[in-house]
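Visitor: what follows is a protein structure lacking sequence information:
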Ligand code: TXA
Ligand code: MG
């Protein structure tokens, strides 16, 4: 299959309406989108990514009104969070209605709803008038894409079109939340931090980001978000003999050898935006090892440490 790359919204729409998959930009990472109401189209998402169908997909909508028919209950505390943060990088786990195919939810009775903030995707969703099912547009287990070029490097030949909407502004997948015993729980850290949620909730939500028993969200899988080059969380040891690169928020003059920094001024927002792009860049250098210095374990740093720990787990 030939994979085209461009900014033609009409072409993207036509392909999706005919049951094909199209990579689309969001504010977090690129998604691999298909018509959520077409089961064959949804199946082709799993095929293109090489992803097991047991891992549920997120439904993307232009606004809450269009999403409500897909759930039997959208709690008022979620409505308050929607008002505060959406459109934006927050995904709500709610009970599914009969409109949602079990293929989307991995057979579960809950469904993930998200309201992405990207002008091109917003226009696409509005014109389509139906939800798009979309996981991140990477091969299963590999690095998430934050540019159209990243998508092309992994999915070239596997999908017909990549809608190029530039570089993703946030750079980390959405924060995923659910409700347990009337309390909001974080299932995946993302750019909306527990501290930010607390400003609306009045309490710091509990995080359940490590799988206990059955895997609920694929972000809970231990090996995930991985580079091809062995990746380690920490500072390169002075005696390291392998051809190794150090990545940190800002380059450290005490560390010898090649280095890449994630921010020009130590900004965590900029570091999050650049994280995947820098890992893609490092991975393409053909080195023996990549070290990434851990971030302060708070706010965005927690979300980044979580992704890196899952990537590093593959090489432990
Ligand atoms: O920012 C994002 O969320 C991006 C963009 C493209 O929207 N999407 C994304 O999708 O990260 P994906 O498939 O790579 O990760 C979605 C996560 C998975 O961990 C999946 O298991 C979880 O959402 N998920 C989906 N439905 C769920 C459900 N019903 N219950 C629990 N987790 C669910
Ligand atoms: Mg993913």
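Guide: Good, I have the coordinates. Everything numeric in this text was worked out from a predicted model, so none of it was measured. Ligands and ions are numbered 1, 2, ... in the order given.

Visitor: for the protein, what's the longest helix?
Guide: helix 268-283 (DSSP state H).

Visitor: C-terminal to that helix, what's the next element?
Guide: Next in sequence after helix 268-283, counting helices and strands by DSSP states H and E, comes strand 289-292.

Visitor: can you name every helix or strand that the helix or strand that that next one is followed by contacts?
Guide: Per DSSP H and E, the first helix or strand lying C-terminal to strand 289-292 is helix 300-313. Contacts defined by 3 or more Cβ pairs under 8 Å, 6 or more residues apart in numbering; DSSP states H and E place helix 300-313 against strand 231-233, helix 268-283. Every C-beta, even on glycine, is put in place using the N, C-alpha and C of the backbone.

Visitor: before we move on, back to that, contacts for the longest helix of the chain, please.
Guide: Here helix 268-283 makes contact (Cβ atoms under 8 Å, 6 or more residues apart in numbering) with 29, 143-147, 150, 153, 167-172, 191, 227-229, 231, 245, 247, 249, 260, 262-264, 290, 292, 295, 299-301, 303-304, 307, 311.

Visitor: rewinding a little: any idea which of the helices and strands packed on helix 300-313 is most buried?
Guide: For the helices and strands packed on helix 300-313, ranked by mean neighbour count under the definition mean count of other Cβ atoms under 10 Å, the leader is helix 268-283 at a mean of 21.

Visitor: that one: how far from the chain's middle?
Guide: 13 Å (Cα atoms, centre = their mean, to the nearest Å).

Visitor: how near is the residue in the chain sticking out farthest from the centre to ligand 1?
Guide: The C-alpha centroid of the chain is most remote from residue 239, which lies 35.4 Å away (Cα atoms, centre = their mean). Going from residue 239 to ligand 1 by Cβ to the nearest ligand atom, to the nearest Å gives 38 Å.

Visitor: now the longest helix of the chain: mean pLDDT?
Guide: When pLDDT is averaged along helix 268-283, the result is 98.

Visitor: residue 42: which element?
Guide: Going by DSSP H and E, residue 42 is in helix 39-49.

Visitor: next SSE downstream of that helix?
Guide: Criterion used, DSSP H and E; the element after helix 39-49 is strand 58-60.

Visitor: and for residue 80, the neighbour number?
Guide: A count of nearby residues for residue 80, using other Cβ atoms under 10 Å, gives 12.

Visitor: doesn't residue 200 make contact with it?
Guide: Yes: using Cβ atoms under 8 Å, residue 80 is in contact with residue 200, at 5.7 Å.

Visitor: where along the chain do the helices fall?
Guide: Using DSSP H, the helices assigned to the chain run over residues 9-17, 39-49, 64-67, 76-85, 102-105, 119-128, 148-155, 194-201, 268-283, 300-313.

Visitor: those helices: which one's closest to residue 94?
Guide: Of all the helices of the chain, helix 76-85 sits nearest to residue 94, with 7.1 Å by Cβ to Cβ.

Visitor: would you mark the buried spots in the closest one?
Guide: Applying a neighbour-count criterion of 16 or more other Cβ atoms under 10 Å, one finds 78, 81, 82, 85 buried in helix 76-85.

Visitor: now find how far off-centre it is within its chain.
Guide: For helix 76-85, the distance to the chain centre is 21 Å (Cα atoms, centre = their mean).

Visitor: ok, now stretch 285-299?
Guide: The answer for stretch 285-299 is 18 Å, by Cα atoms, centre = their mean.

Visitor: flag every residue of the stretch 51-200 of the chain that's near ligand 1.
Guide: Applying Cβ under 6 Å from any ligand atom, one finds that the stretch 51-200 of the chain approaches ligand 1 through 55-58, 89, 91, 93, 105, 108, 110-112, 114, 116, 134-136, 173-174, 176.

Visitor: one more time with 8 Å, if that's ok
Guide: Residues of the stretch 51-200 of the chain lying close to ligand 1 by Cβ under 8 Å from any ligand atom are 51, 55-58, 60, 89, 91, 93, 96, 104-106, 108, 110-112, 114, 116, 134-138, 144, 170, 172-174, 176, 178, 187-188, 190.

Visitor: if we can go back for a sec, CSV please, covering the helices of the chain and showing distance to residue 223.
Guide: What follows is these, written out as CSV (distance: least, Cβ to Cβ, whole Å):
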stretch, distance to residue 223
helix 9-17, 31
helix 39-49, 15
helix 64-67, 32
helix 76-85, 30
helix 102-105, 23
helix 119-128, 29
helix 148-155, 17
helix 194-201, 24
helix 268-283, 15
helix 300-313, 5
